[in-house]
Structure formats: C-alpha cells, structure tokens
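**Student:** requesting a structural model of the entry that follows:
(2 chains)
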Amino acid sequence: AQKITQTQPGMFVQEKEAVTLDCTYDTSDPSYGLFWYKQPSSGEMIFLIYQGSYDQQNATEGRYSLNFQKARKSANLVISASQLGDSAMYFCAMREGQKGAGSYQLTFGKGTKLSVIP
Amino acid sequence: SAVISQKPSRDICQRGTSLTIQCQVDSQVTMMFWYRQQPGQSLTLIATANQGSEATYESGFVIDKFPISRPNLTFSTLTVSNLSPEDSSIYLCSVYEIGGYTFGSGTRLTVV
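**Tutor:** Residues are numbered from 1 along each chain as shown, chains lettered A, B, ... in the order given. So this is what the prediction gives:
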C-alpha cells in the first residue's frame, strides 16, 4: 500500500481564491511528521509547512495552512489567496519514526500539479 | 537552515558514460540523502549517505550503478554509471537537520 496518497494529479484555481490539495497517509508508527513541498518548473524543492503527529494545532505558515485530521490520516494543504506564482507541483511527504531511532528518510506522494488561472 | 550547492545543474551525456553530481553543504550535517525524480514522477530515494559509513541503498538501486562518496560532513557525490536513456531524470540531494529537510537545486540529466 502507498504510504502517501495524493489523489489529484492536477488542480486549477482562480487567482485570489483558496485551494485545498489532498494528502492521505498510511502508517502504524505513533510518531511521524508530514511535510509539504512546492516544486516549480525549475526543479528545486521548496519547503512549505510541517505537521508533527503530536502537534495539537494545525500548522500555519503565511498563506499556507495544513488541515490535519489524524483519525482520518489526512493532511491537506490549504493555500489561501492564490497567486500566479503558486503554479507548481506540490508534494506531500512523511517521515516515520522517533528522533534517534528509525529512519529519517522521507516518503513522497505522486504530487499535484496546481495551475493558477488569472 | 543549511544551504546546499549542487552541481552541475544540468548535463547532457552520452549513453555508456558516467556523471558525477556534487553536493556541498554550508554546515556539518550527519544525514544526507540522494533522490531520483523521473520525468513527471515523484521523488524516489536512492540511498542514505552518512559520513564514515557505507551508503545504504534502497531496493532497486545498487552501488555499482550509483556509487556514493561521503568523505566528510559537508560534502557528498553521487555517480550515475553506465548511462542509458532510462537514467534521464532529475537527481536531488537532501540533508536532514533539526527542523526539517533542505534540498539541493537538482541536477537535470539527459542521456542521449
């Protein structure tokens, strides 16, 4: 089974509108971290936001927020007030295991291509 | 957070040759990772490179094809050997530090 599932290969959003990118995950580890990255056409990976499994509140970073629903194992990224520069691939990723033990590697979803329409 | 300089940014190589990719980090980091991103696909971990030990390769990746060097805590190289068109991908290095992961800018490899 896939550990990270992103069901939306592509999304369109009107400029200045909000958009939600879906991410569900699968793990039996009680300690894990969830990350969202943006990858423009240039290929670099830009960190957006992080949510730890024990965090009580949903993470927010500027226009980015993470809708974390632990029981449903979902970690959807919400981008408010979309801008043309938000057009890119977006990847959800997970790290399992506690610090000092387990693996520190990231597992990525297949990504969602977001296109912002003027 | 760490800053990574990854070189080259892109290259076009003949099949059968090799390409060595370098990642230089501006601070000492224990864990470094190498990823491959095939066209239109997600990132797949090739190996984890920790200083002072052999790299740990993921299933489907072997040392003969992807030899990795990690001579110190700020530098690593990935060589993609005996190139074929199927190796055309973006290759990225990444480091882990408290607070998260930082990625190099990627190497876009085209094999002709």
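
**Student:** how about the residues of chain B near chain A?
**Tutor:** B:31, B:33, B:37, B:41-45, B:48, B:90, B:92, B:94, B:96, B:100-103, B:105-106, B:108 (Cβ under 8 Å from any Cβ of the partner chain). In this view, the C-beta of every residue, glycine as well, is placed from N, C-alpha and C.

**Student:** now restrict these to buried residues only.
**Tutor:** Among the residues of chain B next to chain A, the ones that count as buried by 16 or more other Cβ atoms under 10 Å in any protein chain shown are B:31, B:33, B:37, B:42-43, B:45, B:48, B:90, B:92, B:94, B:96, B:101-103, B:105-106, B:108.

**Student:** among these, which lie within strands?
**Tutor:** Counting by DSSP state E, these place B:31, B:33, B:37, B:43, B:45, B:48, B:90, B:92, B:94, B:96, B:101-103, B:108 in strands.

**Student:** rebuild those as JSON lines, extending it with pLDDT.
**Tutor:** JSON lines is the format used below for those (pLDDT from 0 to 100):
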{"residue": "B:31", "pLDDT": "88"}
{"residue": "B:33", "pLDDT": "95"}
{"residue": "B:37", "pLDDT": "96"}
{"residue": "B:43", "pLDDT": "95"}
{"residue": "B:45", "pLDDT": "95"}
{"residue": "B:48", "pLDDT": "92"}
{"residue": "B:90", "pLDDT": "96"}
{"residue": "B:92", "pLDDT": "97"}
{"residue": "B:94", "pLDDT": "96"}
{"residue": "B:96", "pLDDT": "89"}
{"residue": "B:101", "pLDDT": "92"}
{"residue": "B:102", "pLDDT": "94"}
{"residue": "B:103", "pLDDT": "96"}
{"residue": "B:108", "pLDDT": "96"}
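
**Student:** among the residues you listed, which one sits closest to residue A:86?
**Tutor:** residue B:103 (18.7 Å; Cβ to Cβ).

**Student:** bridged to the closest one, which residues?
**Tutor:** Beta-bridge pairing of residue B:103, defined through DSSP bridges, involves residue B:94.

**Student:** residues from chain A in reach of chain B?
**Tutor:** So chain A meets chain B at A:35, A:37, A:42-45, A:47, A:50, A:91, A:103-111 (Cβ under 8 Å from any Cβ).

**Student:** of these, which belong to strands?
**Tutor:** A:35, A:37, A:47, A:50, A:91, A:106, A:107, A:108.

**Student:** can you list those in JSON lines and add pLDDT, neighbour count and distance to residue A:77?
**Tutor:** Shown next, in JSON lines, are these (pLDDT from 0 to 100; neighbours: other Cβ atoms under 10 Å in any protein chain shown; distance: Cβ to Cβ, whole Å):
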{"residue": "A:35", "pLDDT": "96", "neighbour count": "23", "distance to residue A:77": "10"}
{"residue": "A:37", "pLDDT": "97", "neighbour count": "23", "distance to residue A:77": "10"}
{"residue": "A:47", "pLDDT": "94", "neighbour count": "17", "distance to residue A:77": "12"}
{"residue": "A:50", "pLDDT": "95", "neighbour count": "18", "distance to residue A:77": "11"}
{"residue": "A:91", "pLDDT": "98", "neighbour count": "26", "distance to residue A:77": "10"}
{"residue": "A:106", "pLDDT": "91", "neighbour count": "23", "distance to residue A:77": "16"}
{"residue": "A:107", "pLDDT": "93", "neighbour count": "20", "distance to residue A:77": "17"}
{"residue": "A:108", "pLDDT": "96", "neighbour count": "22", "distance to residue A:77": "14"}
